[in-house]
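Asks: Model the following, please.
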Amino acid sequence: MAQERVLVLSGPNLQLLGTREPGVYGTATLAAIHGRLDEVARARGAIVEARQSNHEGELVTWAGEAPAAGFRGLVLNPGAYTHTSLALYDALRAAALPAVEVHLSNPDAREPFRRRSRVAPACVGRVAGFGPLSYELGLLALLAHLRGESALPLLYERRVTWHARRAGALRSEPAASSGCPPGVPGHRPLVVGGRPGRPGGPTRRVGGAGGPFGVGRRPSRAARSPAFGRAGAQGVERGGPDA
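Replies: Here you go, the predicted model:
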């Protein structure tokens, strides 16, 4: 089987990770995150190419050219363009590749203007609030989507790895109150959505406070209610954070 090639795009100001508001975004650098993604991809028989730009047009060009360049899917952190870029939304729809939107921080704990994502309706899913691990989870979920596999075994594996690795730039000891790494405030939902082959499908939240991913845990009554994670007119009820 040919190796899947995945394009990872990061938007404005993410080159400053490591020094940019560590209390919100943590201390891992973007280079360290990219290095870890390469390890995860190779372990899964895939290839990632990671790029970052502060310029909307460059991100739009990269996304639009991804199919012709041989990529099978995208992992995308648009940064502040999450909330504004219709051009990036159009590029994702034109490329027609499965895309996963990822964010380091948690939109529910931040300013209201960060809670709408313009690009989410063009993505098959979204992962937010887990710090650098959001990128890894997004990549694993995308590979599972491309291969028609369930992502749950992969997510459980990452949960075990997370708690087993206590040191290093990419793993901080989980906070006792939430089971998630410190530095990202509040409830940390894993957000996934869409149906295979249907970008822009309904988005729902899975897991959150009480442990990473909520894997193996019975969902709360609120999580089982029909209103939980109901899609809004733009494809999601709440959009992504700045990063």
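Asks: can you list the weak-confidence ranges in the protein?
Replies: Within the chain, the segments meeting pLDDT under 70 span 1, 108, 151-243.
Asks: At which residues are the strands of it located?
Replies: With DSSP state E as the criterion, the chain has strands at 5-10, 47-52, 73-77, 99-103, 125-128, 190-195, 198-206.
Asks: residues of the fourth one that come out buried?
Replies: Judged by neighbour count (16 or more other CB atoms under 10 Å), strand 99-103 contains these buried residues: 99-103. All C-beta spots, glycine's among them, are computed from the backbone N, C-alpha and C.
Asks: between it and strand 73-77, how many degrees?
Replies: Here the directions of strand 99-103 and strand 73-77 differ by 20 degrees (axes from the mean of the first three to the mean of the last three CA atoms, to 10 degrees).
Asks: Could you please name the strands strand 99-103 pairs with and the direction of each pair?
Replies: Paired with strand 99-103 in the same sheet, following DSSP bridges, are strand 73-77 (parallel), strand 125-128 (parallel).
Asks: residues in contact with that strand?
Replies: 63, 73-78, 82, 92, 117, 119-120, 122-129, 134-135, 137-139, 141-142, 145, 199, 240-243 (CB atoms under 8 Å, 6 or more residues apart in numbering).
Asks: And the helices in this protein?
Replies: For the chain, applying DSSP state H gives helices covering 22-25, 30-43, 56-65, 86-95, 133-147, 152-164, 221-224.
Asks: Including distance to residue 50 and mean neighbour count, could those helices go into JSON lines?
Replies: Formatted as JSON lines, these follow (distance: least, CB to CB, whole Å; neighbours: other CB atoms under 10 Å):
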{"stretch": "helix 22-25", "distance to residue 50": "17", "mean neighbour count": "16"}
{"stretch": "helix 30-43", "distance to residue 50": "4", "mean neighbour count": "17"}
{"stretch": "helix 56-65", "distance to residue 50": "11", "mean neighbour count": "18"}
{"stretch": "helix 86-95", "distance to residue 50": "17", "mean neighbour count": "19"}
{"stretch": "helix 133-147", "distance to residue 50": "9", "mean neighbour count": "24"}
{"stretch": "helix 152-164", "distance to residue 50": "18", "mean neighbour count": "16"}
{"stretch": "helix 221-224", "distance to residue 50": "33", "mean neighbour count": "11"}
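Asks: Many thanks, we can stop here.
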